[in-house]
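# I'd like to go over a predicted model; first the sequence, then the structure.
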Amino acid sequence: MDMHNKSVAAILNNLSDAFMIMDANGRITYFNNSAARITGYATFEAKGMKCQDIFKTTSCNTDCSVNNEGITPKNNYKRDLEITRKDGKKIPVECTRSLLIDSDGLMFGVVEVFKKISQIKSLEDNLIYSEFKYRRLFESTKDMIFIISREGVIMEVNQATVDLLDYKEKEELYLLGNIKYIFIDPIHWHVCKKHIDLNGFVQDFEVGFKKKDGTRLHGSLSANIFLDDNGDIVGYEGIAKDITARMDSFRRLYKHHQELVLLNTVSLTMNSSQNLKQVLNTALSEAMKLLNFSIGTIFLINHDQGEFELQTWKGLPEQVNKTLIKPIFHDTQLMEFFLGKDNCLTPKSIFPSFKITLECSDKNRPIILSCFLITEKGCPSGFMAFPLSETQDLSLEDFNLLGSLGNFLGGSIANIKLIRTVQKHREELKHLTARLFQSQEIECKRIARELHDETGSALIGINFNLEAVEKIMPPDDPVMNNIIKNIKEQINHTYQEMRRISHLLHPALLTDLGLEPALDSYLNQITQQSSLNIDFKMVGFTGRINPDIETVLYRFSQEALSNTIKYAKATFFKLSIIKGYPSIIFIAEDNGIGFDPDENNHERPSLGLLSMRERTAIRGGKFLLRTEKGKGTRIRIEIPIKNEGLSILMEPENFLQEIYEA
């Protein structure tokens, strides 16, 4: 029996839980090692002490059946206590009490089992604190948070969800039942749920939430599943951010981008084409596309005729005769102001819109349009018109866009008119210059002919008369004979100079035999009169060409060679005239001192080069001058071949090679 008691005592001493036994008077008779560690009292110290003296807690006096009066029968219990150790440190314990009953049913003692629960208590406190933080975060966040079942039933939402969706309280959302009813389109939730079920989560999924009043709230939804112990989906939890402001900013940015694209498209059209109708048509199409208009027209004001002319349109009935469409102004005074001449407005970014009615035909109902003014240098020049019903909901940005487009089109119209005027004057000047050159050539030809025929004949007649006088003069009169001889020499010199001037004015060879013989004769004379080495060739010509072109090429050759002789100080001059397709190419180059074409050089007048440029431009050709100080001069001219009596022949195989060499 003693061995048995020792074995039991050894077992009790090795228990991890504290264990003590009290007698009927409430005094401790057994105190194991764990109890000694927890309370700080040694086993021998605890024996004979009472429980409340060990625990030092008031709970022992109120709840425990063992007190100063002895043992009071009471049911077993289990509870948490905070006891005070011998060293004064307070620790939480879980205490379990059991009564010891004898065979007669009388209580003869109490067994107390207790264990330290500091770690458990800490975990519980942390859990409570975590729950507090979660709840505070759940309720204080400004994003919508919701928890729903797998079927979509709303189980819990935070206050932000209530506020952002404009409900008064959470119960209103719970009464909706299913989460799909807070989406603008339930398909958004079904698509989102499909992604979550497939991947376990969804992140930044853009959806449209429906507020209580039915308006839209743009949201970015992130959600995930939560599972039960078996790994089955039991519900979803999600958080959604209100991105309405961001989406509005994005839309405004996108709209500004579209506006820039519109203006850039119109600018590109204007730069690539000076066709006014094309520019207006592009502007109207892009504006209608951007603002979703179904009908659009542009009228320009004809101040000379006192009427509004329809320039371009979109969306009008096909059977309508566009030439008969006339705008009827709701404000007749405004109409009279627009039609008046020299009526100007103070420039503004946008002018107030005005209304007109288009009466297309008897079969079509009148169309009421809202109009936006087009101004040109402060003066009204036209207006864009769109359906009144479609312009009533335009934003301020849309009005500003149409105002900018009206000002932009006004500038475009002014530029196109100016360019047309310049082109018209340029064409007139080109024709005038061409007639001037033609008159000059005719006059040179007339003067050359008169010099040759009239003056030449007169000199020959004078020479014959002198010879007659010489015959009747006494042969022994040396003075008179010498005078007559000098006069005859002067007459001969004058005749030769007259022929030279006549040839320069218009060589007879050019008219009689053509360009190549005339240039051969002219260049041979220059070679004999100077030390200049001249290389001349004509390639691709198999017959006469247009006389006017022959004259132009001859004048080019004269001017280029004259400049070389006068200014270049060159030793070599090369002249090439090549007939290819589609142009005749004229190339003149020397190895002279060259010059800076950008300098205003009084020693080297540029009238000859200007004349060559003008003659080239008149015939739609290209003039290229390449020169540099110390590096010679090269002139290249291309004159297009046209059906103006100019024969166009196919080149031989070696002709292209000669062109490249030239």
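Cool, got the structure.

# so how many other residues sit close to Val110?
23 (other C-beta atoms under 10 Å). Heads up, the C-betas are built off the backbone N, CA and C, glycines and all.

# Residue ranges in the stretch 551-662 of the chain under the pLDDT threshold?
The model of the stretch 551-662 of the chain has pLDDT under 70 over residues 600-606, 643-662.

# For the stretch 1-150 of the chain, which segments count as strands?
18-23, 28-31, 66-67, 70-71, 77-84, 90-101, 107-116, 144-149 (DSSP state E, counting those that start in this stretch).

# which helices and strands sit right next to the longest one?
To tie it back to what came earlier, the one meant is strand 90-101. For strand 90-101, the packing partners by 3 or more C-beta pairs under 8 Å, 6 or more residues apart in numbering; DSSP states H and E come out as strand 77-84, strand 107-116, helix 118-140.

# any idea of the mean pLDDT for the second one?
To tie it back to what came earlier, the one meant is strand 107-116. On average, the pLDDT along strand 107-116 is 86.

# strand partners of it, parallel vs antiparallel please.
When pairing is defined by DSSP bridges, strand 107-116 lines up against strand 18-23 (antiparallel), strand 90-101 (antiparallel).

# Show me the contact partners of it.
By C-beta atoms under 8 Å, 6 or more residues apart in numbering, the residues outside strand 107-116 that reach it are 16-24, 26, 29, 34-35, 38, 51, 65-66, 71, 73, 81, 91-102.

# quick one: it to chain centroid distance?
Strand 107-116 sits 86 Å away from the centroid of its parent chain (C-alpha atoms, centre = their mean, to the nearest Å).

# got the buried residues for the strand or helix carrying Leu217?
Secondary structure assignment for Leu217, by DSSP states H and E: strand 216-227. Residues of strand 216-227 classed as buried: 217-223, 225 (neighbour count, 16 or more other C-beta atoms under 10 Å).

# a markdown table please, covering those residues and showing distance to Lys314 and pLDDT.
A markdown table is the format used below for the buried residues of strand 216-227 (distance: C-beta to C-beta, whole Å; pLDDT from 0 to 100):
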| residue | distance to Lys314 | pLDDT |
| --- | --- | --- |
| Leu217 | 36 | 89 |
| His218 | 33 | 89 |
| Gly219 | 38 | 87 |
| Ser220 | 38 | 88 |
| Leu221 | 41 | 88 |
| Ser222 | 45 | 89 |
| Ala223 | 46 | 87 |
| Ile225 | 52 | 85 |
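
# how about those in CSV, adding distance to Val207?
Formatted as CSV, the buried residues of strand 216-227 follow (distance: C-beta to C-beta, whole Å):
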residue, distance to Val207
Leu217, 9
His218, 8
Gly219, 5
Ser220, 8
Leu221, 5
Ser222, 11
Ala223, 10
Ile225, 18
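
# Neighbours of Leu291, how many?
Leu291 has 19 nearby residues by other C-beta under 10 Å.

# Repeat that for Cys51.
Count around Cys51 with other C-beta under 10 Å applied: 23.

# just to revisit the earlier point, and which of the buried residues of strand 216-227 is nearest to Gln333?
Using C-beta to C-beta, the shortest approach to Gln333 within these belongs to His218, at 46.8 Å.

# for the strand holding Leu217, packing partners?
Contacts defined by 3+ C-beta pairs under 8 Å, 6+ apart place strand 216-227 against helix 186-199, strand 201-210, strand 233-242, helix 244-272.

# returning to what we had before: I'd like to know which of the contacts of strand 107-116 are buried.
Buried among these by 16+ other C-beta under 10 Å: 17-23, 26, 34-35, 38, 51, 65-66, 71, 81, 91-95, 97, 99.

# what pairs with Lys574 across the strands?
Beta-bridge partners of Lys574, as defined by DSSP bridges: Asp535, Glu589.

# do the same with Ile585
Beta-bridge partners, per DSSP bridges, of Ile585: Ile578, Glu638.

# Just give the number of residues close to it.
Ile585 has 19 nearby residues by other C-beta under 10 Å.

# what does the model give Glu69 for pLDDT?
45.

# Numbering from 626 from now on, please.
Let's use 626 as the start, then, which means that last one is Glu694.

# Give me the below-cutoff pLDDT ranges for the stretch 876-1025 of the chain.
985-989.

# re earlier: identify the residues contacting the strand holding Leu842?
769, 789-790, 809, 817, 821-822, 825-836, 858-869, 871-872.

# What subset of those is buried?
Buried among the contacts of strand 841-852 (16+ other C-beta under 10 Å): 769, 789-790, 809, 817, 821, 827, 830, 832, 834-835, 860-861, 863-869, 872.

# Can you convert the strands paired with strand 732-741 into TSV and add a column each for mean pLDDT?
Formatted as TSV, the strands paired with strand 732-741 follow (pLDDT from 0 to 100):
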stretch	mean pLDDT
strand 643-648	88
strand 715-726	85
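
# Which one, of the ones you listed, ends up nearest to His813?
Closest among those, using C-beta to C-beta: strand 715-726, at 51.5 Å.

# ok now the closest one, how far from the chain's centre?
80 Å.

# repeat for stretch 864-881
20 Å.

# How about stretch 876-888?
On C-alpha atoms, centre = their mean, the centre of stretch 876-888 falls 9 Å from the chain's centre.

# Wait, Asp838 touches Leu790, no?
No. The pair Asp838 / Leu790 is not scored as a contact, 9.6 Å apart, by C-beta atoms under 8 Å.

# can you count the residues close to Leu1030?
Leu1030 - counted by other C-beta under 10 Å - has 23 other residues nearby.

# whoops, I mixed them up, Leu1027
Count around Leu1027 with other C-beta under 10 Å applied: 22.

# Helix or strand: which one has it?
Short version, using DSSP H and E: Leu1027 is in helix 1021-1075.

# Could you do Ser1182 as well?
helix 1172-1188.

# my read: Phe808 touches Trp814, true?
Yes. Between Phe808 and Trp814 there is a contact at 5.0 Å, judged by C-beta under 8 Å.
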